[in-house]
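Undergrad: Below is the sequence, then the predicted model.
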Amino acid sequence: MLVKMSPSNIRRILYDLIETIERAKVYVEHVASGIFVPGMKEFEDINEITMNVNAPINVLSLPGLTNCNKLKEIGVRRFGFGNALSDEVMAFIEKRAAELLSFMDTSCLYEC
């Protein structure tokens, strides 16, 4: 699917990236030990930040942004996954608890 972006949207995205880089540089000048850029998903944008900011860059795992090795290649030094793992664990526990209550049988606890 092709998405046509208007010139104003392209300018806004470029402006947001430039503003992010400039703001990060100011934080680093004022002794920030690293920069966290949540919500950034595009590898090209993240790479641009890592190339222009002299501090470790931390990004947040999001759908489509999950490969630690690729992120390391473009200069990301810190990678967080927020509550994604705990959400998965809780969903698994809730599913198993529902099975226990529904079937009144604990065999689901021992099956792979």
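TA: Right, received. Where do you want to start? Residues are numbered from 1 along each chain as shown.
Undergrad: Spell out the secondary structure type for the residue lying closest to residue 56 once chain neighbours are set aside.
TA: Using Cβ to Cβ, 6 or more residues apart in numbering and skipping residues adjacent in sequence, the residue nearest residue 56 is residue 77, 3.7 Å away. Just so you know, the C-beta spots here come from the backbone N, C-alpha and C atoms, and that holds for glycine as well. On the three-state scheme (DSSP: H, G, I helix; E, B strand; the rest coil), residue 77 is labelled strand.
Undergrad: what about residue 77, distance to residue 94?
TA: 35 Å (Cβ to Cβ, to the nearest Å).
Undergrad: which one of these two has more residues nearby?
TA: Between residue 77 and residue 94, counted using other Cβ atoms under 10 Å, the more crowded position is residue 77 (14 against 10).
Undergrad: Am I right that that one is in contact with residue 57?
TA: Yes - the pair residue 77 / residue 57 is scored as a contact, 6.1 Å apart, by Cβ atoms under 8 Å.
Undergrad: shared neighbours of these two, anything?
TA: Taking Cβ atoms under 8 Å, 6 or more residues apart in numbering as the contact rule, the neighbours common to residue 77 and residue 57 are residue 34.
Undergrad: and residue 52, how many neighbours?
TA: 14.
Undergrad: Which residue, other than its chain neighbours, is closest to it?
TA: Nearest non-adjacent residue to residue 52 (Cβ to Cβ, 6+ apart): residue 21, at 4.9 Å.
Undergrad: Helix or strand: which one has the one you found?
TA: Assigned by DSSP states H and E, residue 21 belongs to helix 7-29.
Undergrad: So, low pLDDT: which residues of this structure?
TA: Applying pLDDT under 70 to the chain picks out residues 1-15, 112.
Undergrad: again, only this time at 80
TA: 1-15, 111-112 (pLDDT under 80).
Undergrad: Would you state the helices of it in chain order?
TA: 7-29, 43-52, 68-73, 84-103 (DSSP state H).
Undergrad: now those helices as CSV including distance to residue 36?
TA: Formatted as CSV, the helices of the chain follow (distance: least, Cβ to Cβ, whole Å):
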stretch, distance to residue 36
helix 7-29, 10
helix 43-52, 11
helix 68-73, 14
helix 84-103, 16
